[in-house]
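**Q** here are the coordinates; sequence isn't available:
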């Protein structure tokens, strides 16, 4: 019986989790949804960031990652059932991270396809990154 209840709880939490793929636009990033920028500090300094976004590096410059540290920081910014968006340079990294957060951990996440590159190409002016 105990195993059945755990199975039902796990299934229910995965059913509530959602992942959406949305092309990033200047209109999207100004609508008030929390945006998490998972690029590296060097990238944030080079281009700037979406105004009001939260910076949490997922992959470092060598492709390494620290999931517990990332999740610990993420959980201070969003609630697990709260919808939020991830952005990176082109949407490649966020595609993988969004899928992981949704499918494995039950987060309600939006992958911003096209990333910072698309956003800049549409005339959006990024805010300077301040450490």
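**A** Nice, thanks for sending it over. Owing to the predicted nature of the structure, the values given are computational and were not obtained by experimental measurement.
**Q** When you work out contacts or count neighbours from here on, use the C-alpha atoms and nothing else.
**A** Fine.
**Q** ok, the residue most central in space within the chain - contacts?
**A** Central residue of the chain (C-alpha atoms, centre = their mean): residue 86, 2.4 Å from the mean position. Shown in contact with residue 86 (C-alpha atoms under 8 Å, 6 or more residues apart in numbering): 35-38, 94, 98, 109-112.
**Q** does it have beta-bridge partners, and which?
**A** Applying DSSP bridges to residue 86 gives these bridge partners: residue 36, residue 111.
**Q** Distance check, it against residue 116.
**A** Here the criterion is C-alpha to C-alpha, to the nearest Å. By it, residue 86 lies 11 Å from residue 116.
**Q** and what of residue 88?
**A** Going from residue 88 to residue 116 by C-alpha to C-alpha gives 6 Å.
**Q** Same question for residue 44.
**A** Taken as C-alpha to C-alpha, the span from residue 44 to residue 116 is 10 Å.
**Q** Repeat that for residue 25.
**A** 10 Å.
**Q** where along this protein do the strands fall?
**A** Applying DSSP state E to the chain gives strands spanning 18-23, 35-37, 54-55, 83-87, 108-113.
**Q** Count the neighbours of the closest residue to residue 59 other than its chain neighbours for me.
**A** Distances taken as C-alpha to C-alpha, 6 or more residues apart in numbering place residue 65 nearest to residue 59, at 4.8 Å, with adjacent residues excluded. Residue 65: 13 surrounding residues under other C-alpha atoms under 10 Å.
**Q** looking at it, residue 65 is touching residue 58, isn't it?
**A** Yes. Look at residue 65 against residue 58 with C-alpha atoms under 8 Å: they come within range, at 5.7 Å.
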